[in-house]
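K.L.:
No letters, just coordinates:
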């Protein structure tokens, strides 16, 4: 049974959706692809055990204190979407890849990959923000490009940050 709560974070309010004992969704206020209201389930307190743990780990991540998530998750999508999302989970903290690189690995078009990335229900936890344009340019993000830049800056390795200072 799905349920949700809205939690405040340093990048704004996020809607966290739990399904049984797993996290099923992380959505921004103006998310491109939102679930139907009935898929969110009832609104519950942020003290719900699944939502509270997801919120705690997101807060740690956004404070730069965590580089990965240790949460039970459930991803609902078609076979192609799940293949794309699985590859997103393989992008290391502080790293990026392009839509084209993922498309090449899957034998698909960058546009098809972009659509699947845009439908990722677990933003941040399944790191779709680590996918950039072919020249490293920032392209669409369900949470907006400012949030995407914030997340990439947060994860940027210290040596890369230091090199930019000179």
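P.N.:
In hand now; what should we look at? Just so we're clear, the structure is a prediction, and the values are computed from it rather than from any experiment.

K.L.:
right, and the helix or strand after the biggest helix by length in the chain?
P.N.:
Using DSSP state H, we find that the single longest helix of the chain is helix 49-62. Going down the chain from helix 49-62, the next helix or strand is helix 79-89, by DSSP states H and E.

K.L.:
Outside of that next one itself, which residues are in contact with it?
P.N.:
75, 77, 97, 102, 105-106, 108, 112-113, 116-117, 119-120, 122, 126-128, 130-131 (CB atoms under 8 Å, 6 or more residues apart in numbering). The C-beta positions use only the backbone N, C-alpha and C, and glycine is treated the same way.

K.L.:
Now with 7 Å, please.
P.N.:
The contact list for helix 79-89, computed with CB atoms under 7 Å, 6 or more residues apart in numbering, reads 75, 77, 102, 105-106, 113, 116-117, 119-120, 126-128, 131.

K.L.:
Out of the residues you listed, name the ones that lie in strands.
P.N.:
residue 131 (DSSP state E).

K.L.:
Run through this structure and note the low-pLDDT ranges.
P.N.:
Scanning the chain for pLDDT under 70 picks out 158-166.

K.L.:
Need phi/psi at the spatially most central residue of it.
P.N.:
Centroid check for the chain by CA atoms, centre = their mean gives residue 123 as the closest residue, at 2.0 Å. Per-residue torsions, residue 123: phi -50, psi 150 (degrees, to the nearest 10).

K.L.:
what about it, distance to residue 107?
P.N.:
As judged by CB to CB, to the nearest Å, residue 123 and residue 107 stand 26 Å apart.

K.L.:
can you check residue 94 too?
P.N.:
28 Å.

K.L.:
and those two? which has more neighbours close in?
P.N.:
Between residue 94 and residue 107, counting by other CB atoms under 10 Å, residue 94 is the more crowded of the two (14 against 6).

K.L.:
Now do the contacts for the more buried one.
P.N.:
With CB under 7 Å, 6+ apart, residue 94 has these contacts: 155-157.

K.L.:
measure it to residue 55 for me?
P.N.:
For residue 94 relative to residue 55 (CB to CB), the value is 23 Å.

K.L.:
Ok, residue 85 next?
P.N.:
21 Å.

K.L.:
for residue 121, same thing?
P.N.:
The value you get for residue 121 to residue 55, if CB to CB is used, is 17 Å.
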